[in-house]
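>>> After the sequence you'll find the predicted model.
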Amino acid sequence: MSDEVTISGMEAAFKNIDEEYTRQAEHANKAVHSAGFTAQKVAKINCPVGTPESTGIKGYHGGRLRASLHVDNSKYLESTVGTNVYYALWVHEGTRKMQGRPFLRKGFDAGSKQLQAELGVSI
């Protein structure tokens with residue numbers, strides 16, 4: 001006599017669960033990456049650009065910080081938006097002589113709202 005219990009349809013049920021998990025994970029990955037692009041776009045829109053008037057430098061051409069904003073979607077379920085410009089933190093947070101202009105925060109907030117709406121969750 002055997003102690004095994006065979007339940008018909010279990011393999012099919014587990015296969016369906018695995019397929020649904022994969023589908024949901026792919027949907028979440030696409031949503032995260034899309035939110036990253038939204039965050040980059042909004043950050044670029046809100047990123048300040050120096051002008052000859054604001055810098056006092058004749059013929060000054062700004063936009064280095066805005067142009068440096070990039071998104072990295074190379075990791076699964078992760079999107080990173082940032083810059084390699086050294087003065088970005090000072091522009092974003094401000095200094096004792098200059099008020100901060102939080103362009104990255106605005107991008108993050110927009111991307112976060114989009115992600116929550118697309119996934120149907122609230123954080």
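Yep, it's here.

>>> Model confidence for Y21, exactly?
Here the pLDDT value assigned to Y21 is 94.

>>> contacting residues around it?
Contacts of Y21 were listed using CB atoms under 8 Å, 6 or more residues apart in numbering, and none were found. Quick note: C-beta positions are derived from backbone N, CA and C, even for glycine.

>>> Next, it: secondary structure please.
Here Y21 takes the helix state, with states given by DSSP: H, G, I helix; E, B strand; the rest coil.

>>> Mind telling me what element the most centrally placed residue in the chain is part of?
Central residue check for the chain by CA atoms, centre = their mean: the C-alpha nearest the mean position is that of G36, 2.7 Å away. In the assignment (DSSP states H and E), G36 maps to helix 10-46.

>>> So what touches the helix or strand of the chain with the lowest mean pLDDT?
Lowest by mean pLDDT, DSSP states H and E among the helices and strands of the chain is helix 52-55, with a mean of 83. For helix 52-55, contacts defined as CB under 8 Å, 6+ apart pick out 58-60, 62.

>>> burial count for the nearest residue to P102 once chain neighbours are set aside?
Closest residue in space to P102, ignoring its immediate chain neighbours: H92 at 5.5 Å, by CB to CB, 6 or more residues apart in numbering. Number of residues near H92 (other CB atoms under 10 Å) recorded here: 18.
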